[in-house]
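A.B. asks: let's see this in three dimensions:
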Amino acid sequence: MSLNLADLFEDVVDEIPDRAALVCGDERRTYSQLDQRANRLAHALTDRGIRAGEHVGIHMRNSVQFVESMLACLKIRAVPVNINYRYTESELTYLYNNSQLVAVIADSEFLPVIEATLPACPAISTLVTFGPAGNVEASSVTHVDFDEALAGQQVTRGFAARSKDDHFIIYTGGTTGMPKGVVWRQEDFFMAALAGGNHSGAPFTDGRELAAAAAANASPMTFVLPAPLMHGAAVYSVFSGLFSGAKQVLMHAFEPVEALRLIADEQASCITVVGDAMARPLTDAIRRHGSSYDLSSLVMVGSGGALWSRSSKDQLLELMPNLFLRDGFGASESGVDGTLEIGDDGTMRIRNNPNMLVVDEKLRPLAPGSGASGYLARTGHVPLEYFNEPEKTAETFPVVDGVRMSVLGDMGRLEDDGSIVLLGRGSVCINSGGEKVFPEEVEAAVKSHPAVLDAVVAGIPNERLGEQVSAVVQLREGFEDLDTDEIAAHCRGEIAGYKIPRSIVVVPLIVRSPAGKADYRWARATVSQGTAS
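C.D. replies: Take a look at the predicted model:
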């Protein structure tokens with residue numbers, strides 16, 4: 001039995017068919033119901049000419065239909081492609097064409113922008129929409145309603161044999177350039193992004209072994225997943241949950257108080273967040289409204305995809321001291337790379353992954369304890385390429401001495417004990433008077449001020465220093481009149497003087513991606529305009 005995502009899912013279904021699998025809004029699916037509906041959609045896609053290896057866009061908000069669509073594609077060896085539903089017509093035109101889509105499954109609310117995009121995307125021949133039906137004028141596309149497509153299709157499987165070499169693609173980026181499609185072999189994805197189905201022990205090497213472990217767990221966890229499935233970190237969570245036999249509660253969109261209600265109503269044991277962008281509002285909701293909800297079932301909060309600062313973790317633990325906090329470090333280009341620990345001095349360390357290393361600009365591994373900084377890299381189970389991007393592939397997934405590695409944009413330093421001190425993203429590093437300043441460290445210091453809800457740090461031109469450290473901050477309610485000099489003074493006790501923001505611009509709302517990632521391009525423009533005015 002190969003380590004193919006669809007095969008693994010079906011192995012689990014056969015062991016626990018009647019266990020609850022998904023909840024979203026008013027809709028619920030057991031494992032067998034999820035499997036059967038995915039089978040029906042898979043047969044419908046086959047009837048419409050979708051073949052193995054072809055790419056199908058999933059242009060949807062979080063829903064059970066999103067998961068059904070992803071599984072349906074995998075069952076027929078088609079490749080599901082995640083679509084950012086916030087993209088404009090020009091961005092969608094690029095993504096639809098770059099990913100070579102032949103079909104799109106979408107929420108009907110996005111029909112206007114999809115219709116405007118279709119004339120420039122001639123390869124797309126099939127459009128399946130979920131929700132209130134609307135007319136599609138494009139004659140080149142066959143349009144069918146999601147539920148109508150399922151009607152009359154068989155619930156059984158009967159699909160062709162699959163392979164561990166089948167592809168799985170995650171598109172990433174967009175805030176610093178057009179998105180790129182990370183192409184994984186499914187076996188590599190299972191091992192690197194999903195820890196081989198076992199985040200606390202040895203990876204599973206057989207689907208029956210994985211399924212038996214899921215069945216043996218008599219008290220599976222219930223997860224609340226607020227992050228959008230159109231991003232890699234949330235997809236990792238969904239597959240991890242499905243392969244462990246868990247129940248997962250999807251949120252259409254993250255709303256902190258609604259998350260508390262779901263934890264109470266579903267007796268959830270874990271909620272996943274995307275760094276401070278979700279953890280801070282969640283903590284504020286617990287502080288203000290937690291007494292109105294039964295949160296006694298909650299034992300763990302997990303994070304991935306963005307920085308979760310020490311101050312944010314401490315604030316949460318003050319309210320719920322018995323929580324276990326798991327902070328994962330990873331990327332779409334490498335999977336889950338280890339656990340992230342933040343010390344009392346603010347130092348961030350990555351542990352528990354022997355495949356992680358630090359390389360210099362010539363891709364030579366740096367020795368432990370050398371004190372030299374370099375780029376984080378991963379070997380072993382890593383992606384094949386960026387789809388349709390040979391030059392960017394050569395930069396990020398080079399083959400060195402016959403070994404393919406994934407070289408990340410993050411910089412770090414390898415310690416004697418094998419841990420990696422994380423310095424920050426090299427692409428947004430600020431050079432201020434010859435000193436390197438990583439925004440993540442400054443952001444953590446700024447956000448440790450009790451009045452600050454969120455912050456993004458960026459460098460802007462400075463005649464004397466080259467670049468000056470600047471910050472955009474969002475204040476908590478009740479602190480609107482705070483003098484920003486107080487924030488700078490607070491930072492003096494947290495970080496070195498040259499790292500302290502020289503200008504701080506207050507905004508009503510920090511702009512982030514739907515996954516909680518900082519938009520540094522927006523931050524630079526905002527702080528430049530605010531400083532000039």
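
A.B. asks: okay, CA-based contacts and neighbour counts for the rest of this
C.D. replies: Noted.

A.B. asks: show me the contact partners of the host helix or strand of residue 67.
C.D. replies: Per DSSP states H and E: residue 67 is located in helix 64-75. Contacts of helix 64-75 with the rest of the structure, by C-alpha atoms under 8 Å, 6 or more residues apart in numbering, involve 5-7, 22-24, 27-29, 34-35, 37-42, 56, 58, 60, 79-80, 105, 130, 159, 229, 250.

A.B. asks: out of these, list just those in helices.
C.D. replies: Counting by DSSP state H, the contacts of helix 64-75 place 5, 6, 7, 34, 35, 37, 38, 39, 40, 41, 42 in helices.

A.B. asks: pick out the most distant pair among the residues you listed.
C.D. replies: 5 and 40 (17.7 Å; C-alpha to C-alpha).

A.B. asks: out of the two, which sits in the busier spot?
C.D. replies: More neighbours surround residue 5 than the other of residue 5 and residue 40, with 26 against 23 (other C-alpha atoms under 10 Å).

A.B. asks: please report how far the residue nearest to that one when sequence neighbours are not counted lies from residue 79.
C.D. replies: Leaving aside its sequence neighbours, residue 5 sits nearest to residue 186 (C-alpha to C-alpha, 6 or more residues apart in numbering; 6.5 Å). Applying C-alpha to C-alpha, to the nearest Å, the value for residue 186 to residue 79 is 11 Å.

A.B. asks: need the residues touching each of those two.
C.D. replies: By the contact definition C-alpha under 8 Å, 6+ apart, residue 186 and residue 79 are jointly contacted by 167, 168.

A.B. asks: can I get the helix holding residue 67 in PDB, CA atoms only?
C.D. replies: C-alpha atoms of helix 64-75 as PDB (Å, rounded to 0.1, in the frame of the first residue of the first chain):
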ATOM      1  CA  VAL A  64     -17.100  20.600   4.200                       C
ATOM      2  CA  GLN A  65     -17.500  21.000   0.400                       C
ATOM      3  CA  PHE A  66     -13.900  22.300   0.300                       C
ATOM      4  CA  VAL A  67     -12.600  19.100   1.900                       C
ATOM      5  CA  GLU A  68     -14.900  16.900  -0.200                       C
ATOM      6  CA  SER A  69     -13.500  18.700  -3.400                       C
ATOM      7  CA  MET A  70      -9.900  18.200  -2.300                       C
ATOM      8  CA  LEU A  71     -10.500  14.500  -1.600                       C
ATOM      9  CA  ALA A  72     -12.400  14.000  -4.800                       C
ATOM     10  CA  CYS A  73      -9.500  15.300  -6.900                       C
ATOM     11  CA  LEU A  74      -7.000  13.100  -5.000                       C
ATOM     12  CA  LYS A  75      -9.200  10.000  -5.500                       C
END
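
A.B. asks: and it, how far from the chain's centre?
C.D. replies: When C-alpha coordinates are averaged (C-alpha atoms, centre = their mean, to the nearest Å), helix 64-75 and its chain have centres 18 Å apart.

A.B. asks: was I right to think residue 375 contacts residue 414?
C.D. replies: No. Counting by C-alpha atoms under 8 Å, residue 375 sits too far from residue 414 to count as a contact (10.1 Å).

A.B. asks: higher neighbour count, those two?
C.D. replies: residue 414 (27 against 24).

A.B. asks: grab the nearest non-local neighbour of the residue with the largest distance to the centre of the chain.
C.D. replies: The C-alpha centroid of the chain is most remote from residue 464, which lies 38.6 Å away (C-alpha atoms, centre = their mean). What sits nearest to residue 464 in space, not counting adjacent residues and going by C-alpha to C-alpha, 6+ apart, is residue 433, at 7.5 Å.

A.B. asks: for the one you found, give me the pLDDT.
C.D. replies: Note on residue 433: pLDDT of 82.

A.B. asks: and what of residue 517?
C.D. replies: 78.

A.B. asks: how far away is residue 53 from residue 149?
C.D. replies: 21 Å.

A.B. asks: I meant to write residue 26 there.
C.D. replies: Going from residue 26 to residue 149 by C-alpha to C-alpha gives 21 Å.
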